[in-house]
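# need a 3D model of the sequence below.
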Amino acid sequence: MTIRAVIWDLGGVLLRTEDHIPRERLAGRFGMSANELEKLFYGGTSGDRCQLGEITMEEHVENVRLDLDLPAGEMEAVIEQFWAGDILDRQLLDYIQHLRSRYRTGLLSNAFSDLRDWLSAQVDIDDLFDETVISAEVGMVKPDPRIYHLALDQLKVAPEEAVFIDDFAHNIEGAQAVGMYGIQFLDPIQTRGELEELLALFGSPHSGS
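Below you'll find the model as predicted:
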């Protein structure tokens, strides 16, 4: 079976926290660890509901503000500092652009309702993917099997024709459980090496097939 599609996660893969100092300083301000602060922003009841699209990003931010006991006017600066150390891996994005001549490309992300607008605001990022599946828009999160099948259906490929790349092992296991190939992202060099080996093993389709 020929691989026809490569599907990428966003956070922790294409978008990563490279400078941890801003987030650590912010966490210290509230008397917590950076890990605790990340759980507040990304997880908990509010974060989980936001990723499922049950509440808006604005409602989630308000819940975080209340948890931090902050005046409303300070939240924007807090959010800016929280993400200050995050970078988009432009070399990986260029690599995805290179892949598009031979493979369909997809983005599959557990993310909040504002992600698509954010992607559109980034130069050429939203144009890198044939299909983008965002958990808050579809009411499902990885590793729910349904969200993988949705991505596959949108890309018009069978599970065994797709590779999924994610930084979390349980999300890779979820993809493998539905029949996809999976690569756990550890760093860009390792990921590209494993992907190239897999693509070389199974050949490449014609562009747009």
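# tell me the contacts of V6?
96, 99, 103-106, 162-163, 165, 195, 199 (Cβ atoms under 8 Å, 6 or more residues apart in numbering). (C-beta placed from N, C-alpha, C; glycine too.)
# return the subset of those residues lying in strands.
Among these, the members falling in strands (DSSP state E) are 104-106, 162-163, 165.
# next, count neighbours for A169.
11 (other Cβ atoms under 10 Å).
# same deal with G43?
Counted with other Cβ under 10 Å, G43 comes out at 12.
# how about the ones in strands among the contacts of V6, which pair is most distant?
Greatest spacing in the ones in strands among the contacts of V6, by Cβ to Cβ: R104 and I165 (14.1 Å).
# separation between the closest residue to N63 other than its chain neighbours and T132?
Nearest residue to N63, sequence neighbours excluded (Cβ to Cβ, 6 or more residues apart in numbering): S46, at 4.0 Å. Counting by Cβ to Cβ, to the nearest Å, the gap from S46 to T132 is 24 Å.
# and the longest helix anywhere in the chain, which residues are buried?
Using DSSP state H to define each element, the chain has its longest helix at helix 188-202. Within helix 188-202, the residues that qualify as buried are 191, 194-195, 199, 202, counting by 16 or more other Cβ atoms under 10 Å.
# ok, now stretch 31-44?
So for stretch 31-44, counting by 16+ other Cβ under 10 Å, buried means 34, 37-38, 40-42.
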